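S.K.: I'll drop the sequence and a predicted model, then ask my questions.
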Amino acid sequence: MLERLNQALDHLETCLDREVDMAEVARIAAVSEYHFRRLFVALAGMPLPVYVRRRRMTLAGAEVLAGELTLLDVAVRYGYGSGEAFARAFRSVHGVGPGEARRTGAVLTAQPRMSFRVVVEGSTTMRYRIVEKESFRVVGRKARVPLVNEGVNAAAAAHVESLDDQAVVRMKALAGREPEGILSAVVYLTDSREEGAEADYWVGAVTGPGAAAEGLDALDVPAGTWAVFDNHGPYPSALQELWRDVFTQWFPSNPYTSRTGPELLRTRPVEIGAETDSQLWIPVERAGGSAGA
């Protein structure tokens with residue numbers, strides 16, 4: 001898989017002076033566009049659009065300093081319809097506008113061309129199973145929260161604390177399908193997994209399709225395949241490390257790709273750093289299956 005990913009990055013590099021067809025890039029990687037974006041952010045540590053912008057501005061920066069083209073010509077070459085839009089993108093990467101950079105010969109920031117390679121560690125054993133699950137409904141309460149990649153998500157924790165006793169009792173009464181008990185679900189609103197990107201965060205219970213919500217929110221989930229990972233470790237760092245390992249180690253080693261759908265987590269919240277058991281459900285499909293979008 002890493003060879004195909006690197007071929008996709010090679011193709012992306014040839015498209016920096018025009019609109020990038022991300023579907024074509026994902027096709028070269030032999031995965032869905034959805035999975036390619038998720039795999040990239042896990043491996044690279046940044047969302048794909050951020051990498052593309054940084055690479056474009058790295059090349060554009062060299063041309064700005066060379067002084068052979070007008071600033072507008074450089075902007076057009078890298079896909080910007082106006083000098084203002086180009087200047088904003090340039091400043092977001094280099095911390096200085098293109099005009100000032102040309103006048104003063106400013107120090108610019110370079111994003112190196114990226115490639116992926118295998119580092120064999122052999123220190124992580126992942127316990128998982130594949131579950132074919134019928135359609136179901138998550139009944140509970142949702143809140144929109146920013147993503148936090150390390151440490152406690154304060155907005156998510158506040159949402160849990162805000163649940164009233166009546167809602168919790170209702171959720172427990174509805175819980176009866178796997179994964180059992182009260183759990184959380186995350187529905188990503190965009191392809192970005194950048195720190196601060198928003199997602200819908202649910203706390204609820206898995207019930208049958210069409211179950212009455214009675215004053216609670218309801219999330220209907222279609223039938224599909226799930227990879228289920230069991231985890232034990234300090235809260236919440238072990239869970240965040242598990243999510244990283246799923247995308248950087250498990251997916252490249254197994255014939256599955258991620259698909260659209262909520263990620264489910266059943267855990268017992270404890271004090272920060274205390275050990276706890278958790279179970280993470282990731283929606284997947286066999287590699288080569290129809291791509292979610």
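M.R.: The structure has been received and is ready for your questions.

S.K.: now do the helices in the stretch 101-250 of the chain.
M.R.: For the stretch 101-250 of the chain, the helices defined by DSSP state H, counting those that start in this stretch occupy 154-161, 165-174, 237-245.

S.K.: show the pLDDT at His159.
M.R.: In this model, His159 is scored at 93, pLDDT.

S.K.: sorry, back to before: now for the helices of the stretch 101-250 of the chain, which one comes closest to Arg266?
M.R.: Closest to Arg266 of these is helix 237-245 (CB to CB; 11.0 Å). (C-beta placed from N, C-alpha, C; glycine too.)

S.K.: what is the subsequent helix or strand relative to that closest one?
M.R.: Next along the chain after helix 237-245, taking DSSP states H and E as the criterion, comes helix 251-253.

S.K.: contact partners of the longest helix along the chain?
M.R.: Counting by DSSP state H, the longest helix found in the chain is helix 48-66. With contact meaning CB atoms under 8 Å, 6 or more residues apart in numbering, helix 48-66 is reached by 12-13, 16-17, 20, 22, 36-37, 40-41, 44, 46, 69, 71, 74-75, 77-79, 86, 89-90, 92-94, 98, 101-102, 105, 108-111, 113-114, 191-192, 194.

S.K.: what bits of the stretch 1-150 of the chain have low per-residue confidence?
M.R.: Along the stretch 1-150 of the chain, segments meeting pLDDT under 70 span 117-125.

S.K.: which parts of it are strands?
M.R.: Using DSSP state E, counting those that start in this stretch, the strands of the stretch 1-150 of the chain run over 127-133, 136-146.

S.K.: okay, those strands in JSON lines with distance to Ala213 and mean neighbour count next?
M.R.: Formatted as JSON lines, those follow (distance: least, CB to CB, whole Å; neighbours: other CB atoms under 10 Å):
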{"stretch": "strand 127-133", "distance to Ala213": "20", "mean neighbour count": "12"}
{"stretch": "strand 136-146", "distance to Ala213": "5", "mean neighbour count": "20"}
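
S.K.: next, work out how far apart Thr260 and Arg144 are.
M.R.: For Thr260, the distance to Arg144 equals 18 Å [CB to CB, to the nearest Å].

S.K.: ditto for Thr104
M.R.: Distance, Thr104 to Arg144, by CB to CB: 42 Å.

S.K.: same thing with Ala87?
M.R.: Distance from Ala87 to Arg144, counting by CB to CB: 32 Å.

S.K.: and for Val284?
M.R.: Distance from Val284 to Arg144, counting by CB to CB: 25 Å.
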